[in-house]
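Colleague: predicted model follows, preceded by the sequence.
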Amino acid sequence: MADSAETRKLVYLVTGGCGFLGEHVVRMLLQREPRLYELRVFDLHLGPWLEELKTGPVQVTAIQGDVTQAHEVAAAVAGAHVVIHTAGLVDVFGRASPETIYEVNVQGTKNVIEACVQTGTRFLVYTSSMEVVGPNIKGHPFYRGNEDTPYEAIHRHPYPCSKAQAERLVLEANGRKVHGGLSLVTCALRPTGIYGEGHQIMRDFYHQGLRLGGRLFRAIPASVEHSRVYVGNVAWMHVLVAQELEQRAALMGGQVYFCYDESPYKSYEDFNMEFLGPCGLRLVDTRLLVPYWLLMLLATLNALLQWLLRPLLLYAPLLNPYTLAVANTTFTVSTNKAQRHFGYKPLFSWEDSRTRTIRWVQAVEGSAP
Ligand SMILES: NC(=O)c1ccc[n+]([C@@H]2O[C@H](COP(=O)([O-])OP(=O)(O)OC[C@H]3O[C@@H](n4cnc5c(N)ncnc54)[C@H](O)[C@@H]3O)[C@@H](O)[C@H]2O)c1
Ligand SMILES: CC(C)CCC[C@@H](C)[C@H]1CC[C@H]2[C@@H]3[C@H](O)C=C4C[C@@H](O)CC[C@]4(C)[C@H]3CC[C@]12C
């Protein structure tokens with residue numbers, strides 16, 4: 001592939017480029033976008049690994065910044081051809097206040113859109129979430145659904161509400177005139193639960209299992225299925241969308257796409273065991289011992305404790321009424337929209353994704369929780 005200065009002329013900006021998904025997007029762009037001239041990585045917290053990327057043919061510019069600050073966003077966006085907006089506050093555990101979640105996820109996204117409009121950037125790819133759809137507050141299952149499946153998307157929790165609002169803003173911005181008179185082309189990608197190298201919740205479950213003597217206790221029936229998607233494939237989808245948006249603007253502009261691959265449908269816990277099992281953990285079946293009402297009681301107690309302790313310390317366990325409801329509701333996606341619209345095929349097979357994730361968990365072994 002040609003690597004001359006003439007072929008390298010595009011400037012990309014990745015917000016949240018040092019997060020779990022963002023790092024994979026950054027690395028994928030460097031590997032798979034030969035037209036890249038400059039890659040701007042914008043994040044509240046910059047990772048030290050960025051340094052090693054600065055020696056390659058692409059100019060990697062690390063920008064420490066906050067998406068809630070419009071002027072910082074505008075300065076980062078100015079001159080970029082494409083913005084991939086993955087920055088977000090992913091909090092379903094009550095670590096941050098609802099106000100902060102809205103500020104980052106909604107106001108941050110508004111700032112990104114306005115910066116594109118003001119500076120003349122035409123292509124915006126937004127990382128949305130399956131949670132924009134569901135599971136809803138009624139716990140209705142979403143079974144093998146696609147982007148057009150009717151579903152009552154009603155939420156109360158700040159995270160899904162903020163993602164839904166931000167997604168709507170991004171889609172409504174499609175077609176707006178940007179500085180220079182051309183139109184903005186936007187689209188949104190909705191990953192289901194992402195897994196892979198760098199997945200913090202997987203790390204937490206692994207360390208919890210080690211603390212419990214190599215065991216994890218099943219809490220959710222194995223019949224409750226979830227779709228999961230490998231981080232490398234989610235990153236690949238972002239890169240492909242960014243590459244195809246210009247040529248296929250009429251088809252892809254204003255569209256949403258679920259992120260999917262060949263990962264099997266399983267319960268959240270059984271799926272995690274695909275990686276934690278080979279690393280020495282086992283899942284102990286306690287369905288008969290821990291009925292759902294007891295789990296709900298524990299989850300509610302956790303929420304109460306969180307509220308009571310808030311003035312003194314942050315108590316934010318994995319189990320709360322919201323996470324229990326999500327874990328206990330089937331949400332599976334079956335679609336080929338991304339393949340039809342922009343030729344997406346997963347870059348990593350299920351076997352590859354599994355092997356890579358297991359290797360990463362094994363490397364996490366022994367590291368501090
Ligand atoms: N992890 C999942 O399973 C999942 C599933 C669906 C969608 N998503 C979405 O994918 C995106 C990335 O999620 P992730 O799992 O990589 O989370 P993450 O927390 O690892 O990454 C988010 C990044 O955004 C940065 N960030 C947060 N607030 C910021 C701010 N004010 N200004 C600038 N940067 C800020 C963080 O520092 C972090 O590096 C999010 O938008 C999330 O909603 C994640
Ligand atoms: C009942 C407990 C023992 C198990 C708790 C598991 C719980 C922490 C897990 C289950 C499902 C997970 C969510 C799901 O994979 C999808 C998403 C969408 C994404 O946008 C953000 C992360 C999130 C909400 C996962 C968070 C962790 C959940 C709730």
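Modeller: Noted; the coordinates are in hand. Ligands and ions are numbered 1, 2, ... in the order given.

Colleague: residue of the stretch 251-369 of the chain nearest ligand 1, please.
Modeller: Ligand 1 sits closest to C259 of the stretch 251-369 of the chain, with a gap of 7.7 Å, by Cβ to the nearest ligand atom. Where you see a C-beta, it was placed from the backbone N, CA and C, and this is true even at glycine.

Colleague: residues near that residue, how many?
Modeller: Residues within reach of C259, counting by other Cβ atoms under 10 Å, total 29.

Colleague: over to K9?
Modeller: 11.

Colleague: equivalent analysis for the one 10 residues further on, please.
Modeller: Counted with other Cβ under 10 Å, the neighbours of G19 add up to 23.

Colleague: ok, it - contacts?
Modeller: Neighbour list for G19: D43, T86, A87 [criterion: Cβ atoms under 8 Å, 6 or more residues apart in numbering].

Colleague: got it, and T186?
Modeller: I113, F123, L124, V125, Y126, V170, L171, A173, N174, G253, G254.

Colleague: tell me which element the fifth one falls in.
Modeller: According to DSSP states H and E, Y126 maps onto strand 123-127.

Colleague: now check that strand, is it near ligand 1?
Modeller: Yes: Strand 123-127 lies within reach of ligand 1 by Cβ under 6 Å from any ligand atom, at T127.

Colleague: could you tell me which other helices and strands the longest helix belonging to the chain packs against?
Modeller: Longest helix in the chain by number of residues (criterion: DSSP state H): helix 292-309. Applying 3 or more Cβ pairs under 8 Å, 6 or more residues apart in numbering; DSSP states H and E, we find helix 292-309 packed against helix 321-327.

Colleague: so where do the strands sit in the stretch 101-250 of the chain?
Modeller: Counting by DSSP state E, counting those that start in this stretch, one finds strands in the stretch 101-250 of the chain at the ranges 123-127, 142-145, 185-191, 193-195, 215-217, 228-230.

Colleague: now those strands in a markdown table, with distance to E52 and mean pLDDT?
Modeller: What follows is those, written out as a markdown table (distance: least, Cβ to Cβ, whole Å; pLDDT from 0 to 100):
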| stretch | distance to E52 | mean pLDDT |
| --- | --- | --- |
| strand 123-127 | 24 | 98 |
| strand 142-145 | 40 | 97 |
| strand 185-191 | 26 | 98 |
| strand 193-195 | 23 | 98 |
| strand 215-217 | 35 | 92 |
| strand 228-230 | 23 | 98 |
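
Colleague: in JSON lines: the ones you listed, plus distance to K54.
Modeller: As requested, the strands of the stretch 101-250 of the chain are arranged in JSON lines below (distance: least, Cβ to Cβ, whole Å):
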{"stretch": "strand 123-127", "distance to K54": "24"}
{"stretch": "strand 142-145", "distance to K54": "42"}
{"stretch": "strand 185-191", "distance to K54": "27"}
{"stretch": "strand 193-195", "distance to K54": "27"}
{"stretch": "strand 215-217", "distance to K54": "40"}
{"stretch": "strand 228-230", "distance to K54": "27"}
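
Colleague: most packed of those?
Modeller: strand 123-127 (a mean of 27; mean count of other Cβ atoms under 10 Å).

Colleague: so V284 sits against R218, correct?
Modeller: Yes: taking Cβ atoms under 8 Å as the definition, V284 is a contact partner of R218 at 6.6 Å.

Colleague: neighbour count winner among the two?
Modeller: Between V284 and R218, R218 has the larger neighbour count (other Cβ under 10 Å), namely 17 against 12.

Colleague: for ligand 2, tell me whether the strand holding Y126 is touching it.
Modeller: No: judged by Cβ under 6 Å from any ligand atom, strand 123-127 makes no contact with ligand 2; its nearest approach is 8.8 Å.

Colleague: what packs against that strand?
Modeller: If contacts are counted by 3+ Cβ pairs under 8 Å, 6+ apart, strand 123-127 sits against strand 82-85, helix 108-119, helix 158-172, strand 185-191, helix 231-244.

Colleague: of the ones you listed, which is nearest L210?
Modeller: When these are compared by Cβ to Cβ, helix 231-244 sits nearest L210, at 22.8 Å.
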